[in-house]
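S.K.: What follows is a predicted protein model with its sequence.
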Amino acid sequence: MKSTVETLGPTRVRLAVEIPFEELKPSFDAAYKKIGAQVRIPGFRPGKAPARIIDQRVGRAAVLEEAVNTALPKAYGDAVRESGVRTLGQPDIEVTSLDDGKQLAFTAEVDVRPDITLPDLTGVAVTVDDVSVTDEEVDAELDLLRERFATLTGVERPVQSGDYVSIDIVALIDGTEVEGGSASNLSYEVGRADLVDGLDEAIIGTKAGDSLTFDTTLRSGDRAGDQAAVTVTVNSVKEKELPTVDDEFASMASEFDTVAELRADLRSRLERATAFAQGSQARDRLLEQLLDTVDFPLPDSAIQAEVDYREHEIVHALGHDDGAFDEFLEGQGQTREEFTDQLRESARKSVKAQFLLDAIADAEQVDVTEAELTEYLVRQAARYNMAPQEFANQLVEAGNLPALMADVRRNKALATVLQEANITDASGRPVDLSALTPSELAEPEDATEPSDE
């Protein structure tokens, strides 16, 4: 087999392939076997008729067509490997010559990965926002912890916002009780405003044993939007008492013996969350900077494939309902044309990022270990509330495992550059991300999802 490569553009080539007929013998053998098993020829068992008999009864043209169709995929694959071109998508194949007994020739036009010239990736400068952990933020975390250990104490006074009350409630429309509109000994936090419109205003100032009726518009149920008369009886009133912040509370609520140690731990946790936020911002800004700096052509087919995929995901999520899609667009405040334009621009950016990160991964010789793949699978399974094995099985069944491997490799490549970057905040202070693990630095923006189709 002989093949040549012709460059048609920055991201497209034409492979010209010539195959001597003697190299097609396995394809002809397979063609005769397949056709022979499909036709009945008197005097021969299925699949046992000689080639010359099949040529006579079925026709040489049918055999040629079957043999060529069998040979083309392998010949194309061999030509791609021989040329070293990095193809994308499916080729447009055209048989240019079929000289029976002598030669088969065909061309294959296909998109290829663009050539990317990377800048020096050592010590890339990245600026992130100023962040700091304040005493007020530590106090807020401490208050959340106090809430977890709060107690409720009965009080003999009028109801106030923030109290917990036990109430009986009945909703009537035209004197008839509303289905699902009644409850007894219902615990309710006054001021939460998530039960019945007007309830908070009605019971604030009442005492245990008081009963009153007020009019409201029902917000849920079969009678949502209807006017109803709601009668509420206050059975008991309790106030929430937060524990005093002292060493006794610290030892009760944590593994620490003193408030000072507890506050130091809360600050450390906040600082780690801050570092993670800065790491995420640094990763995103680094990628944006690289995308702005490195320019290269993009294959239209790759962009269109990404557009088609994203549009399919949205349409599939909406149940392939045109009406639901129109409502979706209305909610977005977009026309179909505006939606498609935005989708294409987003797809273009995503495709460019994929090619760029692949180039970095190649340059940095990034590989994905089994442990890294497993860790990624576990994290993403948790994201979709799935068992890791179930998540992995769906990825394999949908054929998405190679895409997942590519995601992990790309984000590991970006994390590699990020670890060598010169990161400062807006005030010029160095930002230390060493506390973050490589997997945290490589947390992807978009995860590969399992398919439910």
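M.R.: Yep, it's here.

S.K.: got any ranges where the stretch 301-450 of the chain has weak pLDDT?
M.R.: 435-450 (pLDDT under 70).

S.K.: hmm, 50 instead?
M.R.: 444-450 (pLDDT under 50).

S.K.: what ranges do the strands span in it?
M.R.: 422-425 (DSSP state E, counting those that start in this stretch).

S.K.: And the helices in it?
M.R.: 322-332, 336-363, 370-383, 388-397, 401-420, 438-441 (DSSP state H, counting those that start in this stretch).

S.K.: Just name the most buried of those helices.
M.R.: helix 401-420 (a mean of 20; mean count of other C-beta atoms under 10 Å). Where you see a C-beta, it was placed from the backbone N, CA and C, and this is true even at glycine.

S.K.: Tell me which other helices or strands that one touches.
M.R.: Here helix 401-420 touches helix 259-293, helix 336-363, helix 370-383, helix 388-397, helix 438-441, going by 3 or more C-beta pairs under 8 Å, 6 or more residues apart in numbering; DSSP states H and E.

S.K.: would you turn these into TSV with distance to residue 161?
M.R.: Formatted as TSV, the helices and strands packed on helix 401-420 follow (distance: least, C-beta to C-beta, whole Å):
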stretch	distance to residue 161
helix 259-293	28
helix 336-363	44
helix 370-383	37
helix 388-397	45
helix 438-441	41
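
S.K.: of all those, which lies closest to residue 4?
M.R.: Each of these has some distance to residue 4 by C-beta to C-beta; the shortest is helix 336-363, at 25.4 Å.

S.K.: orientation of that closest one relative to helix 401-420 in degrees?
M.R.: Relative orientation of helix 336-363 and helix 401-420, computed by axes from the mean of the first three to the mean of the last three C-alpha atoms, to 10 degrees: 70 degrees.

S.K.: which helices and strands does helix 336-363 pack with?
M.R.: Checking 3+ C-beta pairs under 8 Å, 6+ apart, helix 336-363 ends up next to helix 259-293, helix 300-317, helix 322-332, helix 401-420.

S.K.: what comes up buried for the longest one?
M.R.: Neighbour-count burial for helix 259-293, with 16 or more other C-beta atoms under 10 Å as criterion, is recorded at 259, 262-263, 265-267, 270, 275-276, 278-283, 285-287, 290.

S.K.: And stretch 49-62, by the same measure?
M.R.: 49, 51, 54, 55, 57, 58.

S.K.: Now intersect the residues you listed with the helices, please.
M.R.: Residues of the buried residues of stretch 49-62 located in helices (DSSP state H): 51, 54, 55, 57.

S.K.: I figured the first one was touching residue 31, is that so?
M.R.: Going back to what we said before, that points to residue 51. No - using C-beta atoms under 8 Å, residue 51 is not in contact with residue 31; the gap is 9.3 Å.

S.K.: Touching both of the two, which residues are there?
M.R.: residue 63 (C-beta atoms under 8 Å, 6 or more residues apart in numbering).

S.K.: rewinding a little: I'd like the buried residues of stretch 49-62 as CSV, with pLDDT appended.
M.R.: CSV is the format used below for those (pLDDT from 0 to 100):
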residue, pLDDT
49, 79
51, 82
54, 84
55, 81
57, 80
58, 84
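
S.K.: now these as a markdown table including distance to residue 77?
M.R.: Shown next, in a markdown table, are these (distance: C-beta to C-beta, whole Å):
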| residue | distance to residue 77 |
| --- | --- |
| 49 | 31 |
| 51 | 26 |
| 54 | 28 |
| 55 | 29 |
| 57 | 33 |
| 58 | 28 |
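
S.K.: Buried ones in stretch 92-103, by neighbour count?
M.R.: Under 16+ other C-beta under 10 Å, the buried positions of stretch 92-103 are 93, 103.
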